[in-house]
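Enquirer: Let me see the structure of the following:
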Amino acid sequence: MDGLSIGQVARQAGLRPSAIRYYESIAVLPSPRRVDGQRRYDRTVLDRLAFIQIAQRLGFTLTEIQLLFHNREEDAPLSERWRGLASRKLAEVETLIDQALGVRRMLTRGLRCGCADLLGCIDCVIANCDSPPGPTAPGHRAKMRGKTPASGT
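Expert: As a prediction, this is how the structure comes out:
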């Protein structure tokens, strides 16, 4: 038979046949031709599956991949749609990196805790890990226990 079976495509792409059928159902893969009732794929489907897998590893959702392939409302060529999508994803990644660096800073400060009891440790973690002042700032915690932050009483 001419073309690849779904099992052959699945093995070569490192996917389950059910994933390939799902990709077809949501139109990120074109429907294959059928020969005697069996799906038969052109080898180019392997390139498209490789692209889908790479895009997913880069954090793109299947919905975003669908938009990339099928956004016919835009007259922009695929390369321009890709650049726009990639630029937005890069901005998301930059935000995640900033958040992760902030968490790392707070955890590093939190490692300085050497308190002997739970309340002292709670105050230490709040003082060292809660960057923005707010209702959980050290003074607030001390006030809740009936102490003032300046005097400790």
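Enquirer: burial count for the closest residue to residue 78 other than its chain neighbours?
Expert: Leaving aside its sequence neighbours, residue 78 sits nearest to residue 68 (CB to CB, 6 or more residues apart in numbering; 7.2 Å). C-beta here means a position set from N, CA and C on the backbone, and glycine is covered the same way. Other residues within reach of residue 68 by the criterion other CB atoms under 10 Å amount to 19.
Enquirer: can you check residue 108 too?
Expert: Applying other CB under 10 Å, we find 11 residues neighbouring residue 108.
Enquirer: Look up phi and psi at it.
Expert: phi -60, psi -40 (degrees, to the nearest 10).
Enquirer: again with residue 38
Expert: Per degrees, to the nearest 10, the backbone of residue 38 is at phi -100, psi 140.
Enquirer: ok, the nearest residue to it once chain neighbours are set aside to residue 58 distance?
Expert: Closest residue to residue 38 apart from its sequence neighbours, by CB to CB, 6+ apart: residue 5 at 6.4 Å. Here residue 5 is placed at a distance of 29 Å from residue 58 (CB to CB, to the nearest Å).
Enquirer: circling back to that earlier point, quickly find the element holding the residue nearest to residue 78.
Expert: Taking DSSP states H and E as the criterion, residue 68 maps to helix 62-70.
Enquirer: In that helix, which residues are buried?
Expert: By 16 or more other CB atoms under 10 Å, the buried positions in helix 62-70 come out as 64-65, 67-69.
Enquirer: Quick check: closest non-adjacent residue to residue 70.
Expert: Spatial nearest neighbour of residue 70, chain neighbours left out: residue 27 (6.2 Å); criterion: CB to CB, 6+ apart.
Enquirer: For that neighbour, grab the count of nearby residues.
Expert: Other residues within reach of residue 27 by the criterion other CB under 10 Å amount to 11.
Enquirer: hang on, isn't it packed against residue 69?
Expert: Yes: taking contacts as CB atoms under 8 Å, residue 27 lies within contact range of residue 69: 7.5 Å.
Enquirer: Give me the angle between the helix or strand harbouring residue 90 and helix 62-70.
Expert: Taking DSSP H and E as the criterion, residue 90 maps to helix 78-110. Using axes from the mean of the first three to the mean of the last three CA atoms, to 10 degrees, one finds that helix 78-110 and helix 62-70 are set 160 degrees apart in direction.
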